[in-house]
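Asks: Sequence below, structure please.
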Amino acid sequence: MLSYLYTYLTNLPRWHLVAIVLVGYLIYYLMEVVKRPILAVSNGPFKKYLLKHIPTLENKFWPTFWCVESRAQTVFASIIRSNIMPPVEYRREVFTLKDGGEVALDWLETGCDPESPVIIILPGLTGESQAEYIKCLVTAANRTGIRTVVFTNRGLGGVALKTPRLYCASNCEDLSEVVKYVKQKNPHVRIGATGISMGGLILGNYLARHSDEAKSILTAATIISVPWDVHKGCASIEQPILNNLLGRHLASSLCRTVSKYDILRGEEFDWDMNQVLQSKTIKQFDSAFTSKHFGYKDVDSYYSDATLHNKLHRIKVPLLCLSAADDPFQPLDAIPVKAATNSSHVAILITARGGHIGFLEGWWPANKDQYMGRLFSQYFSAALFDPNNEFYRTAQLMMEHNLTTSTSVPGSPMNKPSLAAAIREVIELTVPAALKPNDINDYREVVLQPYSNTRIHIANYAKNAGGNIGYALVQLNAFEYNVTLSYNSSIVDGGHLTGQNVGLLMYGDGDLYAFNLNPHQPVWVSLVLMLYNTSAPIPGGCNLEFPVEISPILNLTLTPDIIIVDTPAASVAKPFQGSPNGCGKARLVYESYYYTMPAHDFSERAYFNAILNMLSHTNAKLSGRQNTLQTPIVPNRHKYGRLNGRGMVFVTAVIDPVHRGFALYVPTHTYSCKPLLNPAECYGLNLPIRILAIALTIIAVLEVVMGWLPLVIKCPATVGCLGMLATVEVLNMLDKPMAQEWIIICLVGGAIIGAIIGLLLGLYAPSTGTIFCSFLTGYLICLTVFGMINGNFYSLANVSWYMALGGILIGAILNLALPIILITRSVIFGAICIFYGVNTFVGARLDHPLRHFVQRLYVENYELVYSDSSLDVNDCVALATFGITMVVALFLRSRYQTDEVQGDYSRTSIPCHRGPANGDDEDRIERSTVIAADDTAAYQRFFNEQPIITRWTNGDDDVFESPESNSRFFRLLRRNARSGGINIWVELTAARNLAGQEGLVPQRGPPLPPFDQGQRSHNVGGLNSHTARASKELDPPL
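Replies: Numbers count the residues shown, from 1 in each chain. I've put the predicted structure just below:
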């Protein structure tokens, strides 16, 4: 077995290897490289604004496929941008600082209105206005009509150093002067600021230390690829080998900068310039020069003062940050994600790839509209132009949130005012004059501030509702956190409901109260006013489960295997209530609908859109799907299959067929996982299982290509799987749930018995093993197809019999067809393993039919569990990956032409083995062939090993024709030439003689010269099997 593997690998053509590597890399790129960025920001007005106005935040980042490594992104971004972006023509202004120093202010105002907003841009460590990343940003801003001014630090950009002072990451005095000067020149326009790398450190320190000044001048700010924790960033850039090379390059740039100025040399300074110029790393330079230059005790003190990760709470200007998780200048664990989620003004967007100021995307990043520039322009266009003053209002709400969180101390009762006295806001839900019965009449999305009590006032109910409206249902749908909806201004037993999806009934004008009891967390909620007519039943009117007498909410229970949605009993409308229609006596009908969100989309927008699609009966029918599976005994209980990582929204409609009225409960939802607490669970990131799936896929691909697995493995594996399937069907006949431990024991026992039987069959009746392989394939095909069409197909009557008959039918077809089309069982066996291996690696749901197959044994009434059958993105990726893998594997199999290749279940000499059947090679040596194999060997197989040669009569003389078949034939001869020149001579002689015998080529012209025995190769002692067979057939009988 290993010898065949070695033969294949040592003779693998280079383009085969390239194809395998490309397919593997494509799968890796789609699964591990392309990711949706993480947005670390508190749930508040800033997050809501960003998600609404910056579409880039919710799009996946597609790094340049040939440049995904962090250092490659960093270096090639600089090279490519410098080549595709021409120099920018600025208007230079030399600004003199208070101490006499000079800095360059380079303005780009071409094509912009004189009163358009202005963005101040701070370059990186030794950057200036012609740096390639600066040109990327200024051109992006210019396209949107925003003016930019690049603030180049002292001593850079061709401006002379007038004073013995340069710049550092912690000093923001120069920036403060520049900001004031720009505001003075543009008093009536909005001003933004951007810092890149060390420029981001300077800007961040300015926003934190001069927060009030920055708030009064700057409208918005961004920082890109900033080293949040300078200590960790410096340690990261000194890591060998590539990071260290980048660090040395930057250190040499710093040394060149200071070496140009004699004003920095002198005995009166604390630094030794000779030692400074010998610095090989950034930390050595900062230790020898920067820390001393700005009066720090040592370099660690300087870095502690410059770092930003512990200063986010001081920032009062809306700040959007862009960082890459693989930034070589800043490790992922140093990005202050937790601090950002607690900050009112800071949002950090983290991409999985991007390097340091890289963020290249697309097949070829020649487009000037790159990811970094697009995010930059979208944010500042929305914030600085702000035509409806929405960003201004958002900033005010952010300040209010900041004041709330900064003045309260968790767990301190003296700092918490009485909730009844802490009503901060009044939200009015108005009944419109042109009201819509049984539909949405008012809808709002608001943010409940931390530890707040918000009054919800129902207005114009008496004025506009009249006698046509029976009641109003006020819904409160919260994102991620629980809230409380109460009839009273304080929480009283029996008068409130708590949860993420709650609602209460109102019969006139009045007030409800929404409580957010989280001390630091604002909660984004949607408020809905539903009006129902006088014949509509009252959802939850016969409630016996919840503390409020009428509780129109659903009770969702998430089990390890299924979702259970219980609907509290409803009552008929008030005009029809009485003894004939008492609770439990009314003939009400319950319809359950569900809506699925996009896979792994845990954003607020996706959540509220899903809720909105299920609020009215019409929307639920159009956007959702109905679950018709229910028991007559409990008609208001519905069960669903879990979809981990994919949100589902449920709603129940209660219908009164007698009085022709209907109403909907408050929708409820689940992600079937905990995206905030355990994201890995939502994505199915089980590393050991995925590694095992990769190994299984590789082995299966080799089996398809080479057929290298021996009979003693394939036959027991096949029959063992059939034994487990048969065990499940036998246990299902018991018709009662079993403990999972007993199910596992029975399945293992069935697999062992099946494997033993399979081993015996392989030894003494191998043809039976091929039949079982086909039947197993047929059954799994039926199982998968039924699951993709119907979800939980066990809700269908007698489906097990249909599956068994379908498996037998498909298996019989395969047994008859495979020998004809020259596909061996190794292809089928390998395809099964590839299918489930790829599914597990990708995290798809194509194996759910198998799960249904087993779950029905231990989940009670599993035939009533509704499972969604629609395919999501992961399922499509898994199917595409399986298809591409099989095409490549079959193509390699058709080209793999070693002398001996593992055949079907007839590799070794087996006792009591029957004679060869269709598709079996007489000498148990089989070449790899597939459907219409594009290879001479396949054609020879059809024609009893006779070479295919035709004549060509278009010339003066008959010559060999060279159609595609002959070109393949001669390619085979050239391939065989590797084993010695004698093979070529014998092949040509045999072909010429055969053609002459059949009259295809006239016997004229000189005969082929005899083979020179002196030129015999090392293989002279024997001919290959193909040549031997051809020679044998050409020799006449004695």
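Asks: Can you pull out the low-pLDDT segments for the stretch 251-400 of the chain?
Replies: 366-368 (pLDDT under 70).
Asks: let me redo that: the chain
Replies: Using pLDDT under 70, the chain drops low at 1-14, 16, 366-368, 401-424, 545-546, 579, 684-685, 818-825, 896-1038.
Asks: any idea how it splits into domains?
Replies: Taking the TED database as the reference, the chain has its domains at 1-33, 38-229+307-398, 427-676, 686-896.
Asks: Which of those domains sits closest to Gly266?
Replies: domain 38-229+307-398 (7.8 Å; Cβ to Cβ). Quick note: C-beta positions are derived from backbone N, CA and C, even for glycine.
Asks: ok so, going back, so which of the domains of the chain is the most surrounded?
Replies: Greatest average neighbour count among the domains of the chain goes to domain 38-229+307-398 (a mean of 20), per mean count of other Cβ atoms under 10 Å.
Asks: Return the distance of it from the chain's centre.
Replies: Between the centre of domain 38-229+307-398 and the centre of its chain there are 27 Å (Cα atoms, centre = their mean, to the nearest Å).
Asks: quick revisit: would you format the domains of the chain as a markdown table with distance to Tyr296 included?
Replies: Listed next are the domains of the chain as a markdown table, based on distance: least, Cβ to Cβ, whole Å:
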| stretch | distance to Tyr296 |
| --- | --- |
| domain 1-33 | 41 |
| domain 38-229+307-398 | 8 |
| domain 427-676 | 35 |
| domain 686-896 | 44 |
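Asks: who wins for proximity to Ser279 among these?
Replies: Across these, Ser279 has its closest neighbour in domain 38-229+307-398 (13.4 Å, Cβ to Cβ).
Asks: Now do the same contact list for Pro522.
Replies: 42-45, 401, 447-450, 516 (Cβ atoms under 8 Å, 6 or more residues apart in numbering).
Asks: if you set the cut-off to 6 Å instead, what comes out?
Replies: Pro522 is in contact with 43-44, 401, 447, 449-450, counting by Cβ atoms under 6 Å, 6 or more residues apart in numbering.
Asks: so which pair among those is furthest apart in space?
Replies: Largest pairwise distance in the contacts of Pro522, by Cβ to Cβ, is 10.9 Å, between Asn43 and Gln449.
Asks: Okay, and the residue nearest to Phe793 when sequence neighbours are not counted sits in which element?
Replies: Closest residue to Phe793 apart from its sequence neighbours, by Cβ to Cβ, 6 or more residues apart in numbering: Phe786 at 4.2 Å. Using DSSP states H and E, Phe786 maps to helix 766-790.
Asks: Which SSE is immediately downstream of that helix?
Replies: Where DSSP H and E defines the elements, the next helix or strand beyond helix 766-790 is helix 799-821.
Asks: If I take that next one and helix 766-790, what angle do their directions form?
Replies: Orientation of helix 799-821 against helix 766-790 (axes from the mean of the first three to the mean of the last three Cα atoms, to 10 degrees) gives an angle of 120 degrees.
Asks: Centre of the chain to the helix or strand that comes right after helix 799-821, how far?
Replies: Later in the chain than helix 799-821, the nearest helix or strand by DSSP H and E is helix 825-842. Using Cα atoms, centre = their mean, the mean C-alpha position of helix 825-842 is found 23 Å from that of the whole chain.
Asks: Could you tell me which other helices and strands helix 825-842 packs against?
Replies: helix 687-706, helix 766-790, helix 873-895 (3 or more Cβ pairs under 6 Å, 6 or more residues apart in numbering; DSSP states H and E).
Asks: Could you list the residues in contact with stretch 338-353?
Replies: In this structure, residues lying in contact with stretch 338-353 by Cβ under 6 Å, 6+ apart are 35, 37-42, 50, 61, 63, 68, 312-313, 315-316, 318-326, 398, 401-402.
Asks: And for stretch 561-570?
Replies: Outside stretch 561-570, the residues that touch it by Cβ under 6 Å, 6+ apart are 537, 539-543, 545, 551, 554-557, 588, 590, 636-640, 642, 650, 652, 654, 855, 859, 865.
Asks: Inside strands: which ones of the residues you listed?
Replies: 555-557, 590, 637-640, 650, 652, 654, 865 (DSSP state E).
Asks: Which two of those have the greatest separation?
Replies: Taking Cβ to Cβ as the measure, these have their most distant pair in Val654 and Val865, spaced 22.1 Å apart.
Asks: Now do the strands in the stretch 1-150 of the chain.
Replies: Assigned by DSSP state E, counting those that start in this stretch, the strands in the stretch 1-150 of the chain fall at 38-40, 91-96, 102-108, 118-122, 147-152.
Asks: wait, Glu109 sits on Thr148?
Replies: No. Under the criterion of Cβ atoms under 6 Å, Glu109 makes no contact with Thr148, lying 8.3 Å away.
Asks: Could you give the secondary structure assignment for Asn477?
Replies: Reduced to three states with DSSP: H, G, I helix; E, B strand; the rest coil, the structure at Asn477 is strand.
Asks: Isn't it up against Asn609?
Replies: No. Contact criterion Cβ under 6 Å: Asn477 and Asn609 do not qualify, at 11.5 Å.
Asks: isn't Met506 right up against Ala472?
Replies: Yes. Counting by Cβ under 6 Å, a contact exists between Met506 and Ala472, whose distance comes to 4.5 Å.
Asks: list the helices and strands the helix holding Phe786 packs on?
Replies: Using 3+ Cβ pairs under 6 Å, 6+ apart: helix 766-790 touches helix 711-732, helix 740-764, helix 799-821, helix 825-842, helix 848-855.
Asks: Show me what the last one packs onto, helices and strands only.
Replies: In other words, helix 848-855. Checked by 3+ Cβ pairs under 6 Å, 6+ apart, helix 848-855 has helix 766-790 packed alongside it.
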